[in-house]
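> pasting a predicted model and its sequence here:
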Amino acid sequence: MSDPISFDSISPRFGLPLLFAGQAQKEAFVNEAFSRLDALIHCAIESESASPPASPLDGQAWLVGTNPTGAWAGKSGAVAMQQSGQWLFAEPRDGMAMLNRATGQVMRRAGGSWRSATVPTQATGGSVIDAEARAMLAALVSGLRQAGVFPL
């Protein structure tokens, strides 16, 4: 499925439609831009998937996985957003962050790929065991998990 409307002039980062002087039907352009902004500002995806869900709700979004099928065919790596019963697609850009609801983790886009923090391993062994230091490190990791930096 292609995008429902093709726009002649778009913004460089997220393809938001731009108005031009004397334009008719401005509401179509403005509504399209608002729909994309609504999905991308403080973006939260349900999960990563290669196929569209059977019954998506308006406002839900997914990260399109590899070898997508159905309405997502040819949109690998895009953010698929359900808006007004249709799919809108946005190409992610470096610097973008999103919450993956399935993992509870914040993902950041850098170098053309999504990156998530990994959980450091718990301290073990050593010639001197400092219980207070280990307790502090465990509390720090726990706090970072709660903040969405590390997976739960």
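Structure's in. What do you need? Numbering: from 1, shown residues only.

> give me the low-pLDDT residue ranges for the chain?
Counting by pLDDT under 70, the ranges of the chain that qualify are 1-8, 13-14, 117, 119, 123, 148, 151-152.

> tell me, how many residues neighbour Thr121?
Residues lying near Thr121 (other Cβ atoms under 10 Å) number 7. Where C-beta positions appear, they are placed from N, C-alpha and C, glycine not excepted.

> so it, which state does it fall into?
coil (DSSP: H, G, I helix; E, B strand; the rest coil).

> ok, the most centrally placed residue in the chain - contacts?
Nearest residue to the geometric centre of the chain (Cα atoms, centre = their mean): Met98, 3.9 Å. Met98 makes contact with 43-45, 63, 79, 106-107, according to Cβ atoms under 8 Å, 6 or more residues apart in numbering.

> at 7 Å instead, please
Counting by Cβ atoms under 7 Å, 6 or more residues apart in numbering, Met98 makes contact with 43-45, 107.

> residue ranges of the strands in this structure, please?
Counting by DSSP state E, one finds strands in the chain at the ranges 44-45, 48-49, 61-64, 79-83, 86-90, 97-100, 105-110, 113-115.

> right, and those - which one's nearest Glu27?
Closest to Glu27 of those, according to Cβ to Cβ: strand 79-83, at 15.0 Å.

> need the CA coordinates for the closest one. PDB is fine.
Written as PDB, here are the backbone C-alpha positions of strand 79-83 (Å, rounded to 0.1, in the frame of the first residue of the first chain):
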ATOM      1  CA  VAL A  79       8.000   3.500  11.600                       C
ATOM      2  CA  ALA A  80       4.500   2.400  10.600                       C
ATOM      3  CA  MET A  81       1.800   4.500  12.300                       C
ATOM      4  CA  GLN A  82      -2.000   3.800  12.200                       C
ATOM      5  CA  GLN A  83      -3.800   7.100  11.700                       C
END
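
> direction included, what does that strand pair up with?
Note on strand 79-83: by DSSP bridges, its sheet partners are strand 61-64 (antiparallel), strand 86-90 (antiparallel).
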